[in-house]
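1. what follows is a predicted structure for the sequence shown.
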Amino acid sequence: MPVSEALVRAKIPQDLAKDVGVESLGRTKARAFAQAFLKNSIRQQAHHEINNMLKRKALILGYARPKKDKSKRNRKKAKGLNARQKREMKIFQIKPEHQRYELFLPLHELWRQYVIDLCGGLKPTSNPQLVQQKLLKADFHGAIITVVRSKCPSYVGTTGILVQEFKHVFKIITKENKLKVIPKRNSVFAVEINGFVSHIYGSKFEQRASERSAKKFKVRGTIDL
Amino acid sequence: MSPDLERTPRNLLVSERSSFLDQKNRISSQLDQLHFNYKVCVLLPECSSAPSHLDSALNTFSSFYLIRKLPLYELLDTHFLETVRHGGVSGLSYRTRLDEDNCVALMPNGRLSLSLDKDSFELLGVEGKPSRFNHRTKSRFVVCVDLTDSSMAPGGRGYQRLVTGLTSRLPLKTDFLMSLPAGGGASVQALLSRYDWSEHRPEVSSCSLTDLLCPAPLTSDPPAPLTSDPHRLLEWLGAVHAAVSCENSSSSFLSSLVCPEPNKKLSHALRVSVCGLLSHQDVQKLIQEIRVYLSVSPPGSASWASVTLHGFVDSPVSWGGEEHGVLRGGDNFLSLMMFPDQSYLLHLATGAHDTCPP
C-alpha cells in the first residue's frame, strides 16, 4: 500500500525524534542499515545442511497401469451348453435315417477290440475276477447287451447294440432298427464277449459312464430286483 | 370248535339246501367249477357192499396220463393246441408245491395258468399279475394265458413270446397229469411218444364199516332238517372218511372228535373212495347213480348218502378258475348229502387263500 510504504520511508519529525530519543539516519545510511539488519536476521544455511535435506529418492509423480493385451481376455474355457440348449439343439438325438443296425456294427467291432485289449486278451484261462474288475470301469458304448431279467416282463429279451448310456437309461438299437430306451433300474443285463458272459445289475449301475470309471463299487443292499 | 382253533386262518363254508327236481338248482354248474378233482369219497349207510350198478360206475372212471418231466413248451405244440381248442383237456403239474415251486394248470376251457415264484416270473418275461395272496412282498406271480384266443394261434405275437420264454429263458419241466376227453388219446400220441408217460386208472378202495355212530337227524324218516352246526357235521364226516374213531375215549389222545348229538348207531355202512385225476362226467355219472340207488332202495334202509369231492391242494386254480393259494392247507372241497326225496344239502368249503365258492 503506497500509503503505508510512504509511512515506512517517511522521516520521523524532529520534535517526535527528541521525545522518543531516536536519531534518524540519513537516507543512504538507513538503506545500508536495513539491508544489514535483514541479512543478519535470516539464518544462513550451510551447504552440507542443504545437501542433507536432499533425500535423493525417486518420487513417483503419476501412476498409470500398463494396458493388458485385449486379445487374451476372450480365451476362457468354453462353458458348454446347458441342458435346455442341448435339448433344443438335439445333439444327442439320432435321426431316423441314422437308426440302422448295420451302421453300428463297426462300432461293436471297435468295442470288442477295446475290451479284449483292456482285459489283456480274453483267453479261456483268464481269471474272471480280473475281467470283471476291468469291465466295471469300462465303457460300454457299442456293446451288444440283452435284458435277462426284469421286474417289467416286457423288457425281458430285448437285445441290441448300446448306442448311448445316460445316467439312468440305456439306449439300444435292435436288429429291427428300433431305438429302445431301457431303464437301468430293476433289470439285469448280460454282456457277452468271446464266451465270457457278464451280468450287469442295472440298479447298481446308475451313474454316467464318465463318472463310473472313477467310482468305487461297494457291496451294499440286495441284488434282488 | 374249540376256542384255540378259532385263531387259525379263516376258512369259508357255503351251505346250500335244494332239490335235484328244482329247476333253478345250480348243482351241475357248481360241480363243473371245481376243475381239478382229486378224490371222491362216498358214504352209504346201511349197506354192506356196493350194489352192482354203483360198482360199475365206480370202476369205469376214465383213465388219466402221467407224463414225467414234460417241458412246458410242449403244451404249446401246434397239434396239442388243436386238441385243446376242441375242449375237454385238463392238466395239472404233479408233485409241485404251490407255495414253493412253479405250478401249471390247464383248464378244460383252454386257459393255461402258471403260478410262478419271483425269479421265474422275472426270467420268463410274459405279462402276469402278482398273486392276490401275497402278504407284503410280492413273492408269487400268476401268468394266465387263454390258449383259445386269436393272439395265441401259432405265429401270433403272444404265442411267440410265450414259446420263446418257455424254450430259451425259462425252460420249465414238470411232471404233468393230463386227462383227455373220450377218444382224445390218439391226438396226443405224438406228444406222449416223446416223453416218459404212463396211463393210470383212478384207484378205488372200499371199506365196510360196522357200528358207526351217525347224527340222528339224518336217519330219521323223513330226515329232519339238520339244526346242528354244518362244521360239526363235516368234522364227523371227515373223521369217518379218515378212519378216525369218534369215541373220544379217555385213554386215547389222538383225537377228541365226537359225533354230533343226538346220535344213533348204524349197523353197517360202506365207505368208498376213488383217487386220481377225475373228470366231471364221471363224477356226474356217479352222483346220478347214487340218486337212483336212493330212490329205489326200500324206505328205512338207506335214508341218506354222502359224496365228498376233494380238489387238489396244489392246484393254482380252484373254484371257477380263480386263483388258489396254500396257507396252512389248501383244501377246497365239496360235500353233497343226498336224501331219498331228491333233496340235497351241499357244502362248499375252501381254506384261507381262496375266493368264495359259487
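-> Thanks, I have it.

2. the residue of the stretch 101-250 of chain B at minimum distance from chain A: neighbour count?
-> Going by C-beta to the nearest C-beta, chain A is nearest to B:Gly125 of the stretch 101-250 of chain B, at 2.9 Å. Glycine gets a C-beta too; all of them are placed from N, C-alpha and C. Neighbours of B:Gly125 under the rule other C-beta atoms under 10 Å in any protein chain shown: 25.

3. which helix or strand lies directly C-terminal to the helix or strand of chain A with the lowest mean pLDDT?
-> When each helix and strand of chain A is scored by mean pLDDT, DSSP states H and E, helix A:70-73 comes last, with a mean of 62. Sequence-wise, the next helix or strand downstream of helix A:70-73 (DSSP states H and E) is helix A:83-89.

4. gap between the residue of the stretch 101-250 of chain B closest to chain A and B:Lys173?
-> As judged by C-beta to C-beta, to the nearest Å, B:Gly125 and B:Lys173 stand 18 Å apart.

5. my read: the residue of the stretch 101-250 of chain B closest to chain A touches A:Cys152, true?
-> No - the pair B:Gly125 / A:Cys152 is not scored as a contact, 9.1 Å apart, by C-beta atoms under 8 Å.

6. let me know the pLDDT of B:His268.
-> B:His268 is assigned a pLDDT of 84 by the prediction.

7. so it belongs to a strand, correct?
-> Yes - B:His268: assigned to a strand according to DSSP: H, G, I helix; E, B strand; the rest coil.

8. for beta bridges, what are the partners of it?
-> Assessed by DSSP bridges, B:His268 has beta-bridge partners B:Thr210.

9. now for it, how many residues are close by?
-> B:His268 has 16 nearby residues by other C-beta under 10 Å.

10. how about the helix or strand harbouring A:Tyr114: buried residues?
-> If you go by DSSP H and E, A:Tyr114 is part of helix A:101-118. For helix A:101-118, the neighbour count (16 or more other C-beta atoms under 10 Å in any protein chain shown) marks A:104, A:108, A:111-112, A:115 as buried.

11. ok, then the element right after that helix?
-> Toward the C-terminus, helix A:101-118 is succeeded by helix A:128-136 as the next helix or strand (DSSP H and E).

12. between helix A:101-118 and that following helix, find me the angle.
-> Counting by axes from the mean of the first three to the mean of the last three C-alpha atoms, to 10 degrees, helix A:128-136 lies at 130 degrees to helix A:101-118.

13. what's the closest non-adjacent residue to the closest residue to chain B within chain A?
-> Minimum separation of chain A from chain B (C-beta to the nearest C-beta) falls at A:Val156, amounting to 2.9 Å. Spatial nearest neighbour of A:Val156, chain neighbours left out: B:Gly125 (2.9 Å); criterion: C-beta to C-beta, 6 or more residues apart in numbering or on different chains.

14. isn't A:Val115 right next to A:Glu192, touching?
-> No - between A:Val115 and A:Glu192 there is no contact under C-beta under 8 Å: 10.7 Å.

15. so what's the gap between stretch B:289-303 and the chain middle?
-> Offset of stretch B:289-303 from its chain centre (C-alpha atoms, centre = their mean, to the nearest Å): 26 Å.

16. send me that stretch as PDB with only the CA atoms.
-> Output of stretch B:289-303 as PDB, limited to C-alpha atoms (Å, rounded to 0.1, in the frame of the first residue of the first chain):
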ATOM      1  CA  GLU B 289     -76.300-143.500  -9.900                       C
ATOM      2  CA  ILE B 290     -76.400-142.700  -6.200                       C
ATOM      3  CA  ARG B 291     -79.600-140.800  -6.700                       C
ATOM      4  CA  VAL B 292     -81.100-143.800  -8.500                       C
ATOM      5  CA  TYR B 293     -79.900-146.000  -5.700                       C
ATOM      6  CA  LEU B 294     -81.500-143.900  -3.100                       C
ATOM      7  CA  SER B 295     -84.800-143.700  -4.900                       C
ATOM      8  CA  VAL B 296     -85.100-147.400  -5.500                       C
ATOM      9  CA  SER B 297     -83.900-148.600  -2.100                       C
ATOM     10  CA  PRO B 298     -86.600-149.700   0.300                       C
ATOM     11  CA  PRO B 299     -87.500-147.000   2.800                       C
ATOM     12  CA  GLY B 300     -85.800-147.300   6.100                       C
ATOM     13  CA  SER B 301     -82.700-148.800   4.800                       C
ATOM     14  CA  ALA B 302     -80.800-146.000   3.100                       C
ATOM     15  CA  SER B 303     -82.100-142.600   4.100                       C
END
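
17. how about the contacts made by B:Ser198?
-> B:65-66 (C-beta atoms under 8 Å, 6 or more residues apart in numbering or on different chains).

18. what pairs with the helix or strand harbouring it, parallel or antiparallel?
-> Element membership of B:Ser198 [criterion: DSSP H and E] is strand B:196-200. Here strand B:196-200 is paired, per DSSP bridges, with strand B:64-71 (antiparallel).

19. got the buried residues for the helix or strand just after the partner strand?
-> The C-terminal neighbour of strand B:64-71 among helices and strands, as given by DSSP H and E, is helix B:78-86. Within helix B:78-86, the residues scored as buried using 16+ other C-beta under 10 Å are B:80-81, B:83-84.

20. of the residues you listed, which pair is most distant in space?
-> Within those, two members stand farthest from each other by C-beta to C-beta: B:Leu81 and B:Thr83, at 7.3 Å.

21. where exactly do the helices run in chain A?
-> Secondary structure of chain A by DSSP state H: the helices cover A:2-9, A:14-20, A:27-41, A:47-53, A:70-73, A:83-89, A:101-118, A:128-136, A:209-212.

22. now distance to chain B too, for the ones you listed, in TSV please.
-> Putting the helices of chain A into TSV (distance: least, C-beta to the nearest C-beta, whole Å) gives the following:
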stretch	distance to chain B
helix A:2-9	118
helix A:14-20	130
helix A:27-41	115
helix A:47-53	98
helix A:70-73	59
helix A:83-89	33
helix A:101-118	20
helix A:128-136	22
helix A:209-212	25
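
23. okay, now the unreliable bits of chain A?
-> A:1-2, A:24, A:44-48, A:69-80, A:89-92 (pLDDT under 70).

24. give the contact list for B:Pro262.
-> B:215-217.

25. ok, and the most crowded of those?
-> In terms of neighbours by other C-beta under 10 Å, the contacts of B:Pro262 top out with B:Pro215 at 22 neighbours.

26. quick one: contacts for the residue most central in space within chain B?
-> The centre of chain B sits closest to B:Gly311, judged by C-alpha atoms, centre = their mean, with a distance of 2.1 Å. Applying C-beta under 8 Å, 6+ apart, we find B:Gly311 in contact with B:34-38, B:318, B:331-334.

27. can we see that at 6 Å?
-> By C-beta atoms under 6 Å, 6 or more residues apart in numbering or on different chains, the contact set of B:Gly311 is B:34, B:36, B:318, B:332.

28. quick check: the farthest pair among these?
-> B:Phe36 and B:Asn332 (9.4 Å).
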